[in-house]
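Enquirer: One predicted model, sequence on top.
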Amino acid sequence: MGAFFSPFISQPDTVSRIMFKVLLALVPGIALYVWYFGPAILVSLTLASLTALGTEALMLKLRNRPIAPFLKDNSALVTGWLLALSIPPLAPWWLIVVGTAFGIAIAKHLYGGLGNNPFSPAMVGFAVLIISFPVQMTQWLSPHGLGAVELGFLEQLKYIFLGVLPPNMSLDAITMATPLDTLKTHLHLDEPIKQIFAMPIYGRLAGQGSEMVSLGFLLGGLYLLATRIISWHVPVAYLATLFVTAGIFHLADPSHYAVPLFHWFSGAALLGAFFIFTDPVTSPTTYKGKLIYAAGAGLITYLIRVFGSFPDGVAFATLLMNICVPLIVLYTQPRVFGKKGKRS
Amino acid sequence: MRTLYQFHGGIHPPGNKAQSTQCGITRVPLPSRLVIPFRQHAGEAAKPAVQAGEHVLKGQLIGMPCGFVSSAVHASTSGTIAAIDAQPIAHPSGMPDLCATLIPDGKEEWFPHEAVDYRNSDPADLRQRLRMAGVVGLGGAGFPSDLKLRFLRLHPSQKIDTLILNGAECEPYITCDDMLMRERAAEIVQGAEMLRFILDAGEVLVAIEDNKPQAITAMRQAVTESKLPFEVVVVPTIYPGGSAKQLIRVLTGLEVPSGKLPTDIGVQCFNVATVYSAYRALAQGELLLSRIVTITGNVRHAQNFEVLLGTPVQELVALGEALPDTDRYIMGGPMMGVELASLAVPLVKAGNCIIAASGKLFPPAPPTLPCIRCTRCAQVCPADLQPMDLYWFAQSREFGKAQAFSLFDCIECGACSYVCPSHIPLVQYFQFAKSEIRARAQEKQAADHARERHEFREYRIEREKQEKAEKLAAKEQAIRQSRAAATPANPVPGPAIQPEIQAAIERAKAQAATVEPKNTDNPTPQQLAEIAGIEAQRERVRDLAKSAVEHTNGHDKN
């Protein structure tokens, strides 16, 4: 009989269950991913899961921590899945392994493990990959019916694990640039935006297929909001800032700047809004702080996308805003009951 | 409809109140032995007023209030005081405390007592009566009620606008206030009028959570029948809505400023059971000898009992018939109660509930995981604190920071621990940090005191040294001068003063011979007088010698 303290009752929620619900909320997006781009993403998710759990166990052992309770908390899986969903599914197998292992070992455990990492492990993994292996990070699949040739699942597996393509087939024929990248490249060529969006890669709102995947993440995000795993502050402030910033540029020069909705449904914006910027460990704890943090992230995302050299800005927006978290939290402390000041 | 306000946070744990409200309050049979602690209230323990072996009557004073924050303690029944010694009590520290052991004689013979006509009494007199009747807060804090009725007006315009009767009873399982309101509503209403009279308060509100419909009906009816202008306000069921500061906010929209008292904003708040015991004390002259206790949890018969103070908890538990898998007992509610180390402890004034616990009813919390800063604790904190930050400061022993982040505004309600998905015992961390800070403050005070005393001692020694040196120097000076006068460098002094000088020199010489350096430490008054006399003489001699020298010099020049 151990220590028995009040309160003697508690809510049944656990870290493990919260993380499980986050994984569950990713499922609609993953399902649509498979629907539009084929099952290769499941391979990266599996690789990421195995690497995440393996690295987590190894690091816990090296740190002399109990392994079972921490492996069961599902947090490593969330890291692995978020990274897998951020990189091209057709990338060589070691890419996701290196990224996940780096994220878990360096960004998470070297900073003290669960709850102590100042930077989002998945996004640190992403940053390492896009800086170290920029070529492999561009091997995005084209959605069904758009590519010149389509690989079967077995052929995809062969390429992922062995780097072997079917004879007479080039990598260019089966992969393509992302809608964000395509837009940037063609704008550099001074093509009018209307003409660019007439390209087959674009769908109703953003990229064909990828806009639907984003919609899946939006659905999952609404589930997280409904189950109160996340609060509205981060997604609303992030999407609103992204929308307003994009809107201002678009209104100023519609021929060069895409409509705000395009930015919502492109790249990792919706994944970020509901799953990455809402990471409790690396985001501010105060409501006001969450608003500032997410607004900053929205602005940085847009600036990197439109004016930066990287195709998307979500990962670097996360890391840059992670740096500011302690300061934001310090200056957004809510008013304590019975103390002077305004209620926030 | 009255506008109600909200406080931040709060939780909705399962109420579990139905079990113990199936039947009415039952009187507990007289136990074979009562153990009555002298400290059943916040503040100083009462001073024993009886001796072992003495026969006492029911309601006879056995503990005299001692100090400003203190209250009286009485014999709960007639019988013999078997012992006055330290006995185990229900305190989290497990430390025994001074108690009177009373063996009842079964006669229930009352000590003479009388009612008082409060309307024709002085409020100060009524407060004294409550103090001597041992009336303290029965909601759990045990703060002497007479002190809460002392309202010092700093301005004539200051007034208690609102008197609140707290019948919220927000803790799960506890139903003693609920049952009291259902069965003794009229007495509570009369008691409220008495307290209103003492405080000269404005409106009177009776706050009851909406999960107690019978109590609400009973109280409303009692108010109507009394024709008093009181209002029964139904407040939403939320924990910790019964905490005084939170309840005041809900009813008035006002917040008691941090570190201040409700009276500072013109509000005072009493638990309904306290009001009931105040009524008994004033209207019937009956002292606080018993209270209503909920026996619930893992028992066959969950019920409320009227229990004599000092009744061993063991006998109470037996009335509820605990189920065989009961492995521990909790005094108080499941949110803020404490585990009883032993059942051989007496029931005291603050004991509102005893819960039999089993592993099934209160499963042990899963192992603690690190904080993931999910902020659920902050979302439920009724004091608008950031518990995850306070936890971080407490565990890294950054107590200064914890204090700066308002640690002492924490009311230890346990809502944060309740929702923590990492199952961190947050309240225990905060209690630990608070006690460390208090201990350090005490240590610092003691150290400051010691340092001051040391510094003063150093100063005193230094001063004495200096005084000694000054005296010595003065003495040497005197000797030197007298010598200089005695050997007047051979010039011929004026004949007129010559004999006088000579005499002075003789005197000085004689004195120099007799006055020896003495131990000047701790001189007696006699010695002091002597010293003063000598000093005066020396002064005279010095003057004389000086004038003589001047004279001779003058002569030389001529």
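Expert: Noted; the coordinates are in hand.
Enquirer: Can you mark which positions in stretch B:297-308 are buried?
Expert: B:Gly297, B:Asn298, B:Val299, B:Ala302, B:Gln303, B:Asn304, B:Phe305, B:Glu306, B:Val307, B:Leu308 (16 or more other Cβ atoms under 10 Å in any protein chain shown). Yep, even glycine has a C-beta here, placed from its N, CA and C like the rest.
Enquirer: Can you get me the start-to-end distance on it?
Expert: End-to-end distance of stretch B:297-308 (Cα to Cα, to the nearest Å): 21 Å.
Enquirer: again with stretch A:164-173
Expert: Span of stretch A:164-173 from end to end, Cα to Cα: 14 Å.
Enquirer: And that stretch, what's buried?
Expert: A:Leu165.
Enquirer: Which of the buried residues of stretch B:297-308 sits closest to B:Arg376?
Expert: Proximity of the buried residues of stretch B:297-308 to B:Arg376 (Cβ to Cβ) peaks at B:Gly297, which lies at 26.5 Å.
Enquirer: OK, contacts around B:Asn352?
Expert: By Cβ atoms under 8 Å, 6 or more residues apart in numbering or on different chains, B:Asn352 lies in contact with B:138-140, B:174, B:176-177, B:273, B:291-294, B:332-333.
Enquirer: Can you flag which of those residues belong to strands?
Expert: Residues of these located in strands (DSSP state E): B:Arg291, B:Ile292, B:Val293, B:Thr294.
Enquirer: so the first one makes contact with B:Gly310?
Expert: Same thing as B:Arg291. No - look at B:Arg291 against B:Gly310 with Cβ atoms under 8 Å: they stay out of range, at 11.0 Å.
Enquirer: Tell me which two of the buried residues of stretch B:297-308 sit farthest apart.
Expert: B:Asn298 and B:Leu308 (24.7 Å).
Enquirer: Now the buried residues of stretch B:297-308 in a markdown table, please, with extra columns for pLDDT.
Expert: Formatted as a markdown table, these follow (pLDDT from 0 to 100):
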| residue | pLDDT |
| --- | --- |
| B:Gly297 | 95 |
| B:Asn298 | 94 |
| B:Val299 | 94 |
| B:Ala302 | 94 |
| B:Gln303 | 95 |
| B:Asn304 | 96 |
| B:Phe305 | 96 |
| B:Glu306 | 96 |
| B:Val307 | 95 |
| B:Leu308 | 95 |
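Enquirer: now, which of those residues lie within helices?
Expert: Residues from the buried residues of stretch B:297-308 lying in helices, with DSSP state H as the criterion: none.
Enquirer: and whatever residue of the stretch 51-200 of chain B ends up closest to chain A, what helix or strand is that in?
Expert: Scanning the stretch 51-200 of chain B for proximity to chain A using Cβ to the nearest Cβ identifies B:Pro172 as nearest, at 7.1 Å. Assessed by DSSP states H and E, B:Pro172 sits outside every helix and strand.
Enquirer: I'd guessed it sits against A:Phe8; true?
Expert: No - B:Pro172 is beyond contact range of A:Phe8, at 9.8 Å (criterion: Cβ under 8 Å).
Enquirer: who's more crowded, those two?
Expert: In this view B:Pro172 and A:Phe8 are compared by other Cβ atoms under 10 Å in any protein chain shown, and A:Phe8 has more residues nearby, 29 against 22.
Enquirer: For the residue of the stretch 51-200 of chain B closest to chain A, which residues are in contact?
Expert: A:Ile9, B:Pro13, B:Pro14, B:Gly15, B:Asn16, B:Lys17, B:Tyr239, B:Gly333, B:Pro334, B:Met335.
Enquirer: Could you do A:Ser86 as well?
Expert: A:Ser86 neighbours (Cβ under 8 Å, 6+ apart): A:Ala122, A:Met123, A:Phe126, A:Ala268, A:Leu271, A:Val314, A:Ala315.
Enquirer: May I ask which of those has the most neighbours?
Expert: Most crowded among the contacts of A:Ser86, counting by other Cβ under 10 Å, is A:Ala122 at 31 neighbours.
Enquirer: Quick check: closest non-adjacent residue to that one.
Expert: In this structure, A:Ala122 finds its nearest non-sequential neighbour in A:Leu82, 3.9 Å apart by Cβ to Cβ, 6 or more residues apart in numbering or on different chains.
Enquirer: what number of residues lie near the one you found?
Expert: So A:Leu82, with other Cβ under 10 Å, has 27 neighbours.
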